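Visitor: Below are the sequence and a predicted model for it; my questions follow.
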Amino acid sequence: MTGPIITLRALGKELIFVNTFKAAKDLLEKQSAITANRPHFLVCGELVGWDNTTPFLQYGDKYRKHRKIFNQHIGTKSNLVIFHPTIEAEAKQFACNVLRIPDDLGAQCRRTIVSCVLQISHGYTVKGGDDPFEGMAHRAMGSIAKSLTPGYCLMDWLPILRYMPEWFPGCGFHKDAKQWRNMVSDTVNMQHEFVLEQLAKGDAVPSLFSHALRGGLMPEDEDILKWASFAVYLGGSETTPYILLAFFRAMTMYPEVQKKAQAEVDTIVGNDRLPTMEDRDALPYVNAICMEILRWNVVAPITVHTSTQDILYEGCLIPKGSIILPNMWFILSDPETYPDPERFDPERFLGEHQQPDPREACFGWGRRACPGERMAESMIFIYVAMALATLEMSRYIENGVEHVPRYEFEEGFLRRFKPFKCKITPRSKKAEDLLQG
């Protein structure tokens, strides 16, 4: 798929694939006023209820209110400072946990990110084992992948099917949608009620939800806050764990990168304390690793926009109502922009001839850029810095055979590396003591 934009037509819809930084910026940022909308996802959005959350909202007043909540509480470096201790504590606990149970790395990555995100969004601390709060949310979110799976339901292409009974061929989705809608609604209400109870008892810890409530809201805006807060969990828990897991994979595949990063951490942080967010500006190589993780493992390879007017771009007509698909995977793997794209190389973003910053593509453009970008960047940095300071990540050896992870991905809407094994040990006795302290 070459060229800045590629047009396909399927079941009466124009699909516009955007394949370059320039085209994405021109269409999705410079013309954001007419490309910031979302398609109507009839099953996932309207029937199940996900169209109440920020990622699925149509562009308009309600969406702008969601963005305002994010901008006021997690949208800048200054208003994230209050959450730095939470992120640092979770990263420290994560390092302890992977040393204790190194064979469960994927589950550990998900558990720690979910715990961190829920503390920031709702002030809730995930309990060990099968936490009911997290488990219910995770099950509800499973409905997104199922309802958006190509071929699951034709209703998004043939809307008339929504009026057909469940027994009609091809309409079994009605039963699923009812169950999912109840599950999603129950999850969001449970999180909402938890914060209200904590506030009533005077036990609420700092969170996006509690801060926004204390700031005063109109009654109609509390429902918006309820869904916006859940969107923080939705965005963070479905992407960041796989970014963290990709870091461990990269360090296992490229030990020379790990050594160089650890040397930088040792020089700046030393061996008598653990890294904090205050060290971020002094660790350029670690920051470059964080950027390269985002480029090397694009978790959400394609996002979806809709044009609300006709657009003429470089001689090509993009009709009103077209589905615009910025192809982040192609953009960030283009060898013309990133030579040897499958190689993990933080040096791309250092020195005089730096390659384009991948964060713009990863977090989106214009009015649909990820509102949790600052939070995600902070989390990625401190988890990476903490692991580099305290852990040694190496290739797993079994029966004398060294396991070298490959650049391979699982099938699915999200781009996730296939499971892999690695060996995780403490960097030193001092590092182990700092984690236990």
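Guide: In hand now; what should we look at? Keep in mind it's a predicted model, so treat the numbers as computed, not measured.
Visitor: Where does pLDDT dip in the stretch 301-437 of the chain?
Guide: 407, 409-417 (pLDDT under 70).
Visitor: can you pull out the strands in it?
Guide: Taking DSSP state E, counting those that start in this stretch as the criterion, the stretch 301-437 of the chain carries its strands at 305-306, 311-313, 316-318, 323-326, 391-398, 401-403, 422-426.
Visitor: for those strands, which one ends up most surrounded?
Guide: strand 305-306 (a mean of 24; mean count of other C-beta atoms under 10 Å). Quick note: C-beta positions are derived from backbone N, CA and C, even for glycine.
Visitor: Centre of the chain to that strand, how far?
Guide: In terms of C-alpha atoms, centre = their mean, to the nearest Å, the centre of strand 305-306 is set 19 Å apart from its chain centre.
Visitor: Could you list every helix and strand that that strand packs against?
Guide: When contacts are defined as 3 or more C-beta pairs under 8 Å, 6 or more residues apart in numbering; DSSP states H and E, strand 305-306 packs onto strand 323-326.
Visitor: Helices of the stretch 101-250 of the chain, residue ranges please.
Guide: 105-122, 132-148, 173-201, 208-214, 219-253 (DSSP state H, counting those that start in this stretch).
Visitor: now for these, which one comes closest to Glu90?
Guide: Glu90 lies closest to helix 105-122 among these, at 4.2 Å (C-beta to C-beta).
Visitor: ok, back up a step: now for the helices of the stretch 101-250 of the chain, which one comes closest to Asp334?
Guide: Closest of the helices of the stretch 101-250 of the chain to Asp334 is helix 219-253, at 19.2 Å (criterion: C-beta to C-beta).
Visitor: how about the closest one: buried residues?
Guide: For helix 219-253, the buried set under the neighbour-count rule, 16 or more other C-beta atoms under 10 Å, comprises 221, 224-253.
Visitor: Then stretch 28-43?
Guide: Buried residues in stretch 28-43 (16+ other C-beta under 10 Å): 28-29, 31-32, 34-39, 41-43.
Visitor: hmm, which two among these are most spread apart?
Guide: Longest span within the buried residues of stretch 28-43, C-beta to C-beta: Glu29 and Val43, 30.0 Å.
Visitor: could you measure Trp329 against Gly75, distance?
Guide: Look at Trp329 and Gly75: by C-beta to C-beta, to the nearest Å, they are 27 Å apart.
Visitor: and if you look at Leu105?
Guide: Relative to Gly75, and taking C-beta to C-beta, Leu105 is found at 31 Å.
Visitor: between those two, who's got more neighbours?
Guide: Leu105 (21 against 18; other C-beta atoms under 10 Å).
Visitor: Could you double-check that Leu391 lies in contact with Lys423?
Guide: No. Using C-beta atoms under 8 Å, Leu391 is not in contact with Lys423, being 10.2 Å away.
Visitor: now the helices for the stretch 301-437 of the chain?
Guide: Using DSSP H, counting those that start in this stretch, the helices assigned to the stretch 301-437 of the chain run over residues 328-332, 359-363, 373-390, 429-436.
Visitor: Name the stretch from those helices that approaches Ile113 most closely.
Guide: Distance to Ile113, taken as C-beta to C-beta, is lowest for helix 373-390 among the helices of the stretch 301-437 of the chain, at 7.2 Å.
Visitor: Quick one: list the elements packing against the closest one.
Guide: Applying 3+ C-beta pairs under 8 Å, 6+ apart, one finds that helix 373-390 contacts helix 77-80, helix 84-100, helix 105-122, helix 219-253, helix 255-269, helix 284-296, helix 359-363, helix 429-436.
Visitor: From Asn97, how far out is the closest residue to Cys290 other than its chain neighbours?
Guide: Excluding the flanking residues, the one nearest Cys290 by C-beta to C-beta, 6 or more residues apart in numbering is Ile380, at 5.0 Å. The gap separating Ile380 from Asn97 is 18 Å, by C-beta to C-beta.
Visitor: What about the nearest residue to Pro371 once chain neighbours are set aside, how many residues nearby?
Guide: Computed as C-beta to C-beta, 6+ apart, the closest residue to Pro371 that is not its neighbour in sequence is Phe70, at 3.6 Å. The number of residues packed near Phe70 is 24, by other C-beta under 10 Å.
Visitor: where's Phe70, which helix or strand?
Guide: Element membership for Phe70 (DSSP states H and E) is helix 61-73.
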